[in-house]
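Novice: Below is the sequence, then the predicted model.
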Amino acid sequence: MKSEFRENLKRMMSEKDITLRELAEIIGVSDVRMCKIATKDVALRPMEILNMLIYFDCKYTELFGSPDKFD
């Protein structure tokens, strides 16, 4: 996963004024898992992605970046 995702996630969380712990509860993961998602290259589960897209009311590319930037 690209650092662009982590930057976008941080920005979107800031815009919603939400903590990692709060987001973890909203998307249904543990605090530890959410910390790993936000700071490391971990494979996201489809439901985690879907829940983040729903919560942030955004498109996949807005959270993860443009497909042409993927390796």
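Specialist: Yep, it's here. Numbering: from 1, shown residues only.

Novice: where does the protein dip in pLDDT?
Specialist: Scanning the chain for pLDDT under 70 picks out the ranges 1-2, 67-71.

Novice: again, only using 90
Specialist: Within the chain, the ranges that satisfy pLDDT under 90 run 1-4, 40-43, 65-71.

Novice: Tell me who's in contact with Val32.
Specialist: Contacts for Val32 (C-beta atoms under 8 Å, 6 or more residues apart in numbering) come out as none. For every residue, glycine as well, the C-beta is placed using N, CA and C.

Novice: does it sit in a helix, a strand or a coil?
Specialist: Counting by DSSP: H, G, I helix; E, B strand; the rest coil, the backbone at Val32 sits in helix.

Novice: Cys58 now?
Specialist: coil.

Novice: Quickly find the element holding the nearest residue in space to Gly65 that is not next to it in sequence.
Specialist: In space, and not counting its chain neighbours, Gly65 is closest to Glu4: 4.1 Å by C-beta to C-beta, 6 or more residues apart in numbering. Using DSSP states H and E, Glu4 falls within helix 3-16.

Novice: could you say what helices and strands that helix packs with?
Specialist: helix 31-39, helix 46-56, helix 60-64 (3 or more C-beta pairs under 8 Å, 6 or more residues apart in numbering; DSSP states H and E).

Novice: try 7 Å
Specialist: If contacts are counted by 3 or more C-beta pairs under 7 Å, 6 or more residues apart in numbering; DSSP states H and E, helix 3-16 sits against helix 60-64.
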